[in-house]
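A.B. asks: just a sequence and a predicted model for now, questions to come.
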Amino acid sequence: MSSSFQIVRRNSGYSLVSSGMRLITNSLLLILIARFYGAESFGQFATAHALSTIFVLVADFGIDLLLATQVARNRADASAIFQHMLAIKIVFSTFAFVLMCLFPIVRGATAPVRYLTWMLAFYMVGFTLLNFLFSLFRGEEELQHEAKTSIVMNLSLLAVLVVLGVLHASIYLIAAAFVASRLLGLSTALLRSRDFVDSFRPKWDYGWFRGIGPDVRAFGLFVLFGNLFFTQDTILLAWWKGDHEVGIYQAVFRLIVVSLVLADILVGALLPTLTRFHGEKREEWTRLGTFANKTMLFCGLVLGVILVVYAQPIINLVYGRDNFAEAIPIMRIFGITVVVRYAVETPALLLTTARLQKARTALVMGGTILNFVLNFFAIPKFGGVGAAVVSCLTNMVLGAGYVIAIHPSFNLNGMRLNYILPVLLSVLLGAGLFFFDVPMIFGVPLVVCAIAAASYFLGYDSTERHLLVKGIR
């Protein structure tokens, strides 16, 4: 597994740069709005941003994920696959743009939300086309192109944001800068994608579309419902509780997105390799999947303990003391959710690479419906806290479904001591830090070192420890 580990490590590094740059700029933008414009204005921007995220799903409809897996399985036909899927992408992107422009009018949104939504409709188009090109790079296992594009795009945005911040510009100018940065990134990615495709002219082949139709539906419904699973609570809060409640909730959610970036990096790096191994080297697929499952869980434990124990100082540090005090209990609930998310990412990924996407899609659809039903009762009564509890519970249910669905093909062995002992140590450590009120400056390094040591010596076997040491070197 050494060579495959090297590929994953290399792509993880590039994915770290790409996701890190994107995350820093997005989070900086939203955190600055929350800190300097207050909960209500931040809620307005967050609502428009959440709408853009939802309509990106319509424009995507699983095409990006399908492109990455199809190219990974058949690189010789990568150019033809790209051109066929580009035709589908154009249709869905146009449809999503029209719907997003009409939505705030139909729903009777406030004027700021309406204007921001129309501006971010252009961002949505640039973003979805950029992600389409990034999926081509992932299928080719050449993530350095995504990383370099992200550097150009996001450093430019950071520079503009600094100027706008000094001038105390309106949020509309900040939104415009965000849109422009995506168009710049799209231009850069188009130049780099010439190494892999012969032409950017879409191919309209009805016979080919019919053949790929079932896969598009499976991946599309998964992406649509999978992202609604994580974004619909913001829209429901806006409808039932107002902009202020959205601002409080999104202040936490932005930080949770930061904590989940490592999972996104690992999934992006593992997807093409695991897809290829499932068809060519089933034993390597199992080994790499087991190693990834442990690594995800142990990373989640570190982040979860920090978020639960140090929710208050983190909120105060980022948003200012007592400005978002209502967000502290929400942060603690989401800390548990982060552990769950990291624990279930690998079984979910294994379903996709094992060509069991229909099962994963059915589970996500069920989870999204359950999430909506529970939020229907929880949000009107408990607001953001209720939405956070519902998110945690439905993530647990969905994760259990992933484990059950993949079990015939892959035994996760989650009840072995090398899983249980690090989890138990993390719970005891977190309880001790909270009970004795250990300051964050001392507690965070202790959490990282203690859980890392427990994971290394108790969680991994000798072969996996060798790979870790070799990877660090």
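C.D. replies: Received the coordinates, thanks. Residues are numbered from 1 along each chain as shown.
A.B. asks: make it CA atoms for all contacts and neighbour counts henceforth
C.D. replies: Will do.
A.B. asks: now the stretch 201-350 of the chain, which segments are flagged as low pLDDT?
C.D. replies: Applying pLDDT under 70 to the stretch 201-350 of the chain flags the ranges 208-209, 211-213, 215-216, 218-220, 223-224, 226-227, 268-269, 271-272, 279-280, 321-323.
A.B. asks: okay, helices next: where are they in the stretch 201-350 of the chain?
C.D. replies: Remark: helices assigned in the stretch 201-350 of the chain by DSSP state H, counting those that start in this stretch are 206-240, 243-259, 261-280, 282-309, 311-319, 328-353.
A.B. asks: do the stretch 351-473 of the chain as well
C.D. replies: Under DSSP H, counting those that start in this stretch, the stretch 351-473 of the chain gives helices at 357-406, 417-435, 440-454, 462-472.
A.B. asks: as a markdown table, those with mean neighbour count and mean pLDDT would be great.
C.D. replies: Shown next, in a markdown table, are the helices of the stretch 351-473 of the chain (neighbours: other CA atoms under 10 Å; pLDDT from 0 to 100):
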| stretch | mean neighbour count | mean pLDDT |
| --- | --- | --- |
| helix 357-406 | 20 | 89 |
| helix 417-435 | 16 | 90 |
| helix 440-454 | 16 | 93 |
| helix 462-472 | 13 | 66 |
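A.B. asks: in JSON lines, list those helices along with distance to A76.
C.D. replies: JSON lines is the format used below for these (distance: least, CA to CA, whole Å):
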{"stretch": "helix 357-406", "distance to A76": "24"}
{"stretch": "helix 417-435", "distance to A76": "40"}
{"stretch": "helix 440-454", "distance to A76": "41"}
{"stretch": "helix 462-472", "distance to A76": "30"}
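A.B. asks: hmm, back to that, redo the helices of the stretch 201-350 of the chain as a markdown table? Include mean neighbour count and distance to F132.
C.D. replies: Below are the helices of the stretch 201-350 of the chain laid out as a markdown table (neighbours: other CA atoms under 10 Å; distance: least, CA to CA, whole Å):
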| stretch | mean neighbour count | distance to F132 |
| --- | --- | --- |
| helix 206-240 | 18 | 14 |
| helix 243-259 | 22 | 21 |
| helix 261-280 | 21 | 14 |
| helix 282-309 | 21 | 25 |
| helix 311-319 | 18 | 33 |
| helix 328-353 | 23 | 18 |
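A.B. asks: turn those helices into JSON lines, including distance to F61.
C.D. replies: Formatted as JSON lines, the helices of the stretch 201-350 of the chain follow (distance: least, CA to CA, whole Å):
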{"stretch": "helix 206-240", "distance to F61": "4"}
{"stretch": "helix 243-259", "distance to F61": "21"}
{"stretch": "helix 261-280", "distance to F61": "18"}
{"stretch": "helix 282-309", "distance to F61": "26"}
{"stretch": "helix 311-319", "distance to F61": "34"}
{"stretch": "helix 328-353", "distance to F61": "15"}
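A.B. asks: list the buried residues for the helix or strand containing A96?
C.D. replies: Per DSSP states H and E, A96 falls inside helix 78-107. Using 16 or more other CA atoms under 10 Å as the test for burial, helix 78-107 gives 78-90, 92-93, 96-97, 100-101, 104.
A.B. asks: any idea how far whatever helix or strand comes next after that helix is from the chain center?
C.D. replies: As assigned by DSSP H and E, the chain's next helix or strand after helix 78-107 is helix 111-139. Distance, stretch centre to chain centre, for helix 111-139: 15 Å (CA atoms, centre = their mean, to the nearest Å).
A.B. asks: what of stretch 176-194?
C.D. replies: For stretch 176-194, the distance to the chain centre is 20 Å (CA atoms, centre = their mean).
A.B. asks: and for stretch 42-58?
C.D. replies: Mean-position distance between stretch 42-58 and its chain equals 15 Å (CA atoms, centre = their mean).
A.B. asks: buried stuff in that stretch?
C.D. replies: 42-58.
A.B. asks: excluding chain neighbours, what is closest to A263?
C.D. replies: Once flanking residues are discounted, A263 sits nearest to Y342: 6.4 Å by CA to CA, 6 or more residues apart in numbering.
A.B. asks: how much space between that neighbour and G300?
C.D. replies: Between Y342 and G300 the distance is 5 Å, computed by CA to CA, to the nearest Å.
A.B. asks: what of A453?
C.D. replies: Distance of A453 to G300, computed by CA to CA: 15 Å.
A.B. asks: so who does L297 touch?
C.D. replies: 339, 342-343 (CA atoms under 8 Å, 6 or more residues apart in numbering).
A.B. asks: could you redo the last one with a cut-off of 7 Å?
C.D. replies: Contacts for L297 (CA atoms under 7 Å, 6 or more residues apart in numbering) come out as 342-343.
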